[in-house]
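Chemist: based on what follows, work out the 3D shape:
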Amino acid sequence: MTTTATSPPPTATEDPVRLLIPGFLSPETCKELEFVHRSCGTAGYRPSVVSTSLPHLAATGCGHLLLPFVPIRERLRDAVESFFSCHFDLFVEFTGLVSWCKGASIGWHSDDNKPYLRQRAFTAVCYLNSHGKDYKGGILQFQDGEPSPVVPVAGDAVIYTADNRNVHCVDEVTEGERLTLTLWFTRDSAYDEDPKLLKFLSQTSWSYKPADQNSYIPLPASDNMYWFSYDQSGFDIRCARVHILGFSFHASNDEKSNSASVAPTEDPIELLGKPLRLGRGNDVFGKIFANSLHALQVVQFYYWKVPELAERRKHTTVGSETVCYPTIQVQQSSGMELPLPCNHGLAQTIFGSYGNAEPEFTLEWDDFMLAAVLWENYSDELKRKLSTFLPYWLSSETIFVVDSSEITQVRGYGN
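Modeler: From the prediction side, this is the model:
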């Protein structure tokens, strides 16, 4: 049921308390963050919520995926400091991607309404998809003042004080998945998230090693973090994400219906942390992925890049461009489908369908193979940049956009 409440009389104030910034993020940036979230997210802090925090990315071998967030954090901090005329430094307390799924809502509250949240001074929320087009419900309501309500539109951002001048709620999401990037800012450096992130990164991200694929292969967290509970049922988020897009996980061996590939005493969910293949219909893709997150990232990357891949194929067809497609390997039902406990019907209800997952969409295996190669190039490039930037971040003890013109050769790191 949609959250409703009677608003108290408005409180007069001369200080600005919130601002809506249309078009703060570009469509491509929204899509990139959507890719990160849908390939890395875990069960969230509230029922019917999925979240992806920056420490989680760093701890699961995906520290390079922090890079798209860095310029956004700086731009949002600048916007907050400018609009609220801050005469002090602000620190980012939390950065995370959050999706509110069917049934998610939150009642009237301020973002500093608990003793352990008193350090929060300002909030920034960026919408990555749009109300009406991508989901229903999920409208942001403030008890008083303008703008309110805030109807989410992809690319828009809203910034506001985290105190009781901005008591707000979010209506129940009734269909689909509402995607946001959320940041909280604090005046207290003790709550700065950067030192924690840098500690993770210094432990998990080493110097750049060309052609070392293992340097960007994701490492799954504990399996329980991917379990999405709903009433008396549930599903594994990794399984659900690939199933909604028409894929399934298969054993990595080549023997048909070989039940011996799954030990009788083995927990089926544990198979998601081991090498596997992707299937679709009667086809099984020949490539062996290191684990389910590796496969999921490639699947989500493919759906992010479908328009670009289709355009490449179109240009190739008319002869205006030469594209070298890698050799494709697709077999008929080779390797049994993994017996994973996942309520696919519930997952479809919770997440809905999205992007190019509509029934009329036809997958092109050539495009998918090319996407797997482009994902490796994308990950390799981000890993290289992270290895370059990390010494500067560690030296200054903060994460910031490094000016490429000032980059010098830093020796000794990671040796």
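Chemist: all helices for the stretch 151-300 of the chain, in order.
Modeler: With DSSP state H, counting those that start in this stretch, the ranges of helices along the stretch 151-300 of the chain come out as 194-204, 237-244, 292-318.
Chemist: let me know which of those is the nearest to Ile217.
Modeler: Nearest to Ile217, of all these, is helix 292-318, at 5.5 Å by Cβ to Cβ. C-betas here are computed from N, CA, C, even on glycine.
Chemist: output the contacting helices and strands for that closest one.
Modeler: Secondary structure elements in contact with helix 292-318, counted by 3 or more Cβ pairs under 8 Å, 6 or more residues apart in numbering; DSSP states H and E, are helix 27-40, helix 237-244, strand 276-280, helix 365-396.
Chemist: what residues are up against Tyr378?
Modeler: The neighbourhood of Tyr378, defined by Cβ atoms under 8 Å, 6 or more residues apart in numbering, consists of Phe301.
Chemist: JSON lines for the helices of the stretch 151-300 of the chain, including mean neighbour count, distance to His250 and mean pLDDT?
Modeler: Output for these, formatted as JSON lines (neighbours: other Cβ atoms under 10 Å; distance: least, Cβ to Cβ, whole Å; pLDDT from 0 to 100):
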{"stretch": "helix 194-204", "mean neighbour count": "17", "distance to His250": "29", "mean pLDDT": "90"}
{"stretch": "helix 237-244", "mean neighbour count": "23", "distance to His250": "11", "mean pLDDT": "95"}
{"stretch": "helix 292-318", "mean neighbour count": "19", "distance to His250": "10", "mean pLDDT": "86"}
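Chemist: show me the shaky parts of the stretch 51-200 of the chain.
Modeler: Within the stretch 51-200 of the chain, no stretch has pLDDT under 70.
Chemist: same check, this time on the stretch 201-350 of the chain
Modeler: 205-214, 254-266, 315-335.
Chemist: ok, back up a step: mind giving me TSV with the helices and strands packed on helix 292-318 and columns for distance to Ser130?
Modeler: Converted to TSV, the helices and strands packed on helix 292-318 look like this (distance: least, Cβ to Cβ, whole Å):
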stretch	distance to Ser130
helix 27-40	10
helix 237-244	19
strand 276-280	28
helix 365-396	25
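Chemist: tell me which of these lies nearest to Pro339.
Modeler: Comparing those against Pro339 with Cβ to Cβ, the closest turns out to be helix 237-244 (11.1 Å).
Chemist: other SSEs contacting the closest one?
Modeler: Helix 237-244 sits against strand 227-230, strand 248-251, helix 292-318, helix 344-351, with contacts defined as 3+ Cβ pairs under 8 Å, 6+ apart.
Chemist: direction included, what does the first one pair against?
Modeler: As defined by DSSP bridges, the strand partners of strand 227-230 come to strand 233-236 (antiparallel).
Chemist: out of the helices and strands packed on helix 292-318, which is closest to Ala221?
Modeler: Shortest distance between Ala221 and the helices and strands packed on helix 292-318, using Cβ to Cβ, is found for helix 27-40: 9.5 Å.
Chemist: and the closest one with helix 237-244, angle?
Modeler: Orientation of helix 27-40 against helix 237-244 (axes from the mean of the first three to the mean of the last three Cα atoms, to 10 degrees) gives an angle of 120 degrees.
Chemist: show residues contacting whichever helix or strand comes after helix 27-40.
Modeler: Past helix 27-40, heading to the C-terminal end, the next element that is a helix or strand (DSSP states H and E) is strand 42-43. Where contact means Cβ under 8 Å, 6+ apart, the residues beyond strand 42-43 that reach it are 49-52, 56, 221, 225-229, 237.
Chemist: next one: stretch 184-202
Modeler: Applying Cβ under 8 Å, 6+ apart, the external contacts of stretch 184-202 come out as 54-55, 58-59, 63, 66, 77, 80, 88-95, 111, 119-124, 162, 386, 390, 393-394, 397-399.
Chemist: sweet, I'm off.
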